[in-house]
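*Asks:* Provided below for reference: sequence and predicted model.
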Amino acid sequence: MTVRSELTLEGPAPLRGSIHMPGDKGISHRALLFAALADGASTLTGLADGDDVARTRAALEALGVDLHGETPGPVRVEGRGVDALREPEAILDCANSGTTMRMVVGLLAGRPFHAVLAGDAALTRRPMGRVVEPLRALGAHLDGRAEGHLPPLAVRGARLVGRRLALRVASGQVKTALLLAGLQAAGTTEIVEPAPSRDHSERMLAALGAPVEQVDAVTVRTRAGAPQPFELAVPGDPSSAVFFAVAAAVTPGSEVTIEDLALNPTRIGFVDVLRRMGAAIDIAAGSTRLGEPAGSLTVRAAPLTGTVVDVDEGLIDEVPALAVAAAFAAGVTEFRGVAELRVKESDRLATLERELGALGVGVETGPDRLVVRGGAPRPATLESHGDHRIAMAGAVAANAVAGSSTVRGWSAVAASYPRFADDLATLTGQTS
Ligand code: S3P
């Protein structure tokens, strides 16, 4: 689907109705990779339809995995086990997707062939030492720019030997890469993080019978083995839902229900934050699939007040949306522990400072903090900076503020949510 290059919205436009999000991006990447590792066919329904997950699929195809069907319909993955992967003929293009690069390099660390992973200009600036160093410690041969700290990365897999790995940064992507490598390594691989990160891989792999054991909140252990083939209907993405949750919370007269959403506790810290700020939110539990809870979320508009937010509350990708909530809240909101935002798809502390500033909102940033002085945002021309979540944060603000605002560089949303503008228009009743 082609996405327009600019989005202009006339606010305030209340949101009403119910909606399904695209499939969770984190679960989608993992489901594709785990299905490729399994020996037998898996069927995945409702995979995320953005470009990031398409990159992981394309990488697997380049490695010789047969996949049939287009998302959101069922995608059949003909898994034949890790030994069936073959040397790719061309560079694996990860485009904007850090998740693809970090996870696929983990998968390839134990394969006896050569591969190169590259990405777009934004991905080429993102730190890779955090995954390269522990993979080297398992015995993999990896190289890249700046001694392996920056893409492109070259990998020549080797016979891996498990060991204890103490990570410098907590990262769901790095942990997953190391689990993918650990499943191919001799002996035990133990991964210890400085703080808990999202635990989809542990939940899904354990549910699929792979030898993965969560030892405590920051430690996971694995040894050689593989997941079984499986069927999965991927629940909706909370990191996409947060934009509608905030849009509903800050636009008077709104009430939105988001159906069949992933409710993994490591992902929904934003719910507590919005409740603390005064939003009215109900959660209804639904089914659990591969250890992943899902359910629906209903959000009603309410006057918000500022709060203190810590990323250890189970949020990170949600900060751009929450910063918009803070912009419409009375008083000051302080985000702490947010240094990692500087190395996401854009330097999100810098890009938020600029874009909220354009809306007339007072913002201060430090190396590890973001302070938003809420008030009365005014219409503006905003920029995505090539970052899908900054684009959607801009749209949420534009939809709530009185007057006409534009988000430039809107096509960045293709990474995770190509249909965002259509879904917003459906909820605001502005479909033509
Ligand atoms: C992800 C983990 C997070 C998140 C990213 C996806 C994952 O990054 O920001 O969008 O799927 O594991 P880190 O790996 O840096 O925690």
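*Replies:* Thanks, I have the structure now. Numbering: from 1, shown residues only.
*Asks:* can we go C-alpha only for contacts and neighbour counts from here?
*Replies:* OK.
*Asks:* Quick check: mean pLDDT of stretch 413-432?
*Replies:* The pLDDT scores in stretch 413-432 average 94.
*Asks:* Now do the SS call for the residue in the stretch 201-350 of the chain that the ligand sits nearest to.
*Replies:* As assessed by CA to the nearest ligand atom, the ligand sits closest to Asp317 within the stretch 201-350 of the chain, at 5.2 Å. With DSSP: H, G, I helix; E, B strand; the rest coil as the basis, Asp317 sits in coil.
*Asks:* Then the one 3 residues further on?
*Replies:* Reducing the assignment to helix, strand or coil with three-state DSSP, the entry for Pro320 is helix.
*Asks:* ok, now which ones touch it?
*Replies:* 348, 352, 389-390, 393 (CA atoms under 8 Å, 6 or more residues apart in numbering).
*Asks:* one step back: pretty sure the residue of the stretch 201-350 of the chain closest to the ligand sits against Ser239.
*Replies:* Yes: using CA atoms under 8 Å, Asp317 is in contact with Ser239, at 6.2 Å.
*Asks:* More neighbours: which of those two?
*Replies:* Ser239 (24 against 20; other CA atoms under 10 Å).
*Asks:* Could you say which helix or strand holds the more buried one?
*Replies:* Element membership for Ser239, per DSSP states H and E: helix 238-250.
*Asks:* dump the residue contacts of the residue nearest to Leu261 when sequence neighbours are not counted.
*Replies:* Distances taken as CA to CA, 6 or more residues apart in numbering put Gly236 closest to Leu261, at 4.2 Å, once the chain neighbours are dropped. Going by CA under 8 Å, 6+ apart, Gly236 touches 20-24, 259-262.
*Asks:* farthest pair in those?
*Replies:* Across the contacts of Gly236, no pair lies farther apart than Asp24 and Glu259, at 12.6 Å, counting by CA to CA.
*Asks:* Neighbour count: the two, which is higher?
*Replies:* Asp24 (24 against 20).
*Asks:* right, and the more buried one touches Leu232 too?
*Replies:* No: the pair formed by Asp24 and Leu232 falls short of the contact definition of CA under 8 Å, at 11.9 Å.
*Asks:* coming back round to it: residues making contact with the helix holding Ser239?
*Replies:* 14-15, 21-22, 24, 254-256, 258, 261-263, 267-268, 270, 274, 279-280, 299-304, 317-318, 321-322, 324-325, 328, 392-393, 396-397, 399-400, 416-417, 424.
*Asks:* From these, list the buried ones, please.
*Replies:* 14-15, 21-22, 24, 254-256, 258, 261-263, 267-268, 270, 274, 279-280, 299-302, 304, 317-318, 321-322, 324-325, 328, 392-393, 396-397, 399-400, 416-417, 424 (16 or more other CA atoms under 10 Å).
*Asks:* Next, the contact list for the residue of the stretch 201-350 of the chain closest to the ligand, please.
*Replies:* 239, 389.
*Asks:* How much space separates it from Val242?
*Replies:* Applying CA to CA, to the nearest Å, the value for Asp317 to Val242 is 9 Å.
*Asks:* For this structure, list the residues in contact with the ligand, please.
*Replies:* 26, 99, 171-174, 316-317 (CA under 6 Å from any ligand atom).
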